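Student: fold the following.
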Amino acid sequence: MRFGAYSLLLSVAAINGVFLATLLLLRGGRHRGSVWLALLTVTIALRLMPYILGFAGAYDLHPALTFAPFDLSLAWGPLLWLYVEALSNGTERPRWPMHLVPAAVQLLYQLIAFALPRQKKLDWYTGPHLDVIEPAGSLLVLISLAAYGFAAWRCFNSWQSWLDANLSNREETRLGWLRAILAGFGITGAIGAVLVIAHVAFGPLDYFARMPVIGALAVLSYLIALLGYRHGGEAIPITLTEVQNAEPIEEAPAESIDSRSRGKDYAAEARAWRQRVVGAGWHRDAGLTATKLADLLGTSPRSLSRTLNEGLGESFNDFVNRVRVEEAVGILARPGSPDVLRVAFEVGFASKASFNRAFRRHTGATPTVLRSGFRSETSQDTPF
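Tutor: This is a model prediction of the structure:
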């Protein structure tokens, strides 16, 4: 069998996706959700098979291959959602198998059709399948991707919003690779929607007309497997389940808090807390969170956030990083100060990149430029 150029390119993409998915599962220290991402990659690669075989002429030579069970596209949305849920919550929903029932029905339909006698199979394919089943199935796939994609995006955003408000070293936990996976699905779904509309408006599309979405799927299978493999061993920041299971600090009812906070001097309390943080050096803890700091101060995370916002006009992240930057400025101003990376770690930053970003935000300059300025002033003050 001689493979054409399209078959060869799609084969390379499918093989790469499956290979990376296998590595993802075998990699030590992988995320809990890696199994879902691997399954997602394999089901996308599997969907390329009819086109690999079709462009190679396999269906013309062997019509019995019609309805071979390669299409599990109704599993894509649930698997994507399960992956994000597993990452953000550290676990799956109790009834997660129910979300894969549509994909099981889809597989069962293909197995039954595949088992039909050859002529009945071809008559069913060229008749009811292409006229009704395939357009309806494609529409269901788009609805599934839209619904589960939205659920996955909402879960991701909720998780990231919590991290924004509660982690002091936030730059190391942006998870841009996970955002890229979600965006890739959105783009692919949009291309698929255009082709479904064209299918309904102009009739069944041939293999060549479907190449935009098939090409997008080929790229997507490789992209998500590569990103999952590259980042599968990285530490995941605190999950939403860990937050929910954390021991809560006793807090008065909201009505009581509101009544007590009337006329309260938030600025004075925030300044007092700031003195305690600086005095105790709590800001030097690279893993400091709003919950941990609230516990140290004997308050609740909600009260901490409100006091910092009302009293200083700062979020927890800005508050902690400003204290760190101010200490770093003092260290850099000393003659013979250590290198910038050492200073960054000393004051509580987790990386030089996050240090530089926060330093520029709070001083308007980079640490290196500021230290050079200090050295220049010192040399000018030294008599010849």
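
Student: which parts of the host helix or strand of residue 324 are buried?
Tutor: In the assignment (DSSP states H and E), residue 324 maps to helix 316-332. By neighbour count, and taking 16 or more other C-beta atoms under 10 Å as the criterion, the buried residues in helix 316-332 are 316-325, 327-329, 331-332. Just so you know, the C-beta spots here come from the backbone N, C-alpha and C atoms, and that holds for glycine as well.

Student: now flag whichever of those residues is closest to residue 360.
Tutor: Lowest distance from residue 360 to the buried residues of helix 316-332 (C-beta to C-beta) belongs to residue 325, with 9.4 Å.

Student: just the CA coordinates of the helix or strand just after the helix holding residue 324, formatted as CSV?
Tutor: Using DSSP H and E, the helix or strand that follows helix 316-332 towards the C-terminus is helix 340-347. Once non-C-alpha atoms are left out, helix 340-347 reads as follows in CSV (Å, rounded to 0.1, in the frame of the first residue of the first chain):
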residue,chain,number,x,y,z
VAL,A,340,21.0,39.4,42.6
LEU,A,341,19.8,35.7,42.7
ARG,A,342,21.1,35.2,46.2
VAL,A,343,19.3,38.4,47.3
ALA,A,344,16.1,37.2,45.6
PHE,A,345,16.1,33.9,47.5
GLU,A,346,17.1,35.6,50.7
VAL,A,347,14.1,37.9,50.8
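
Student: give me the next element, helix or strand, following helix 340-347.
Tutor: Tracing the chain C-terminally past helix 340-347 and defining elements by DSSP H and E, one meets helix 352-363 next.

Student: so for that following helix, mean pLDDT?
Tutor: Average pLDDT, helix 352-363: 86.

Student: stretch 65-79 now?
Tutor: In this model, stretch 65-79 has an average pLDDT of 95.

Student: contact partners of it?
Tutor: Residues outside stretch 65-79 that contact it (C-beta atoms under 8 Å, 6 or more residues apart in numbering): 36-37, 39-40, 43-44, 46-47, 49-50, 53, 58-59, 99-100, 102-103, 105-107, 110-111, 113-114, 116, 121-122, 125, 137, 140-141, 144-149, 185.

Student: now those residues: which count as buried?
Tutor: By neighbour count, with 16+ other C-beta under 10 Å, the contacts of stretch 65-79 hold 36-37, 39-40, 43-44, 46-47, 49-50, 53, 58-59, 99-100, 102-103, 106-107, 110, 113, 121-122, 125, 137, 141, 144-145, 148-149, 185 as buried.

Student: circling back to that earlier point, so which elements touch the helix holding residue 324?
Tutor: helix 134-166, helix 266-280, helix 290-297, helix 301-312, helix 340-347, helix 352-363, helix 367-381 (3 or more C-beta pairs under 8 Å, 6 or more residues apart in numbering; DSSP states H and E).
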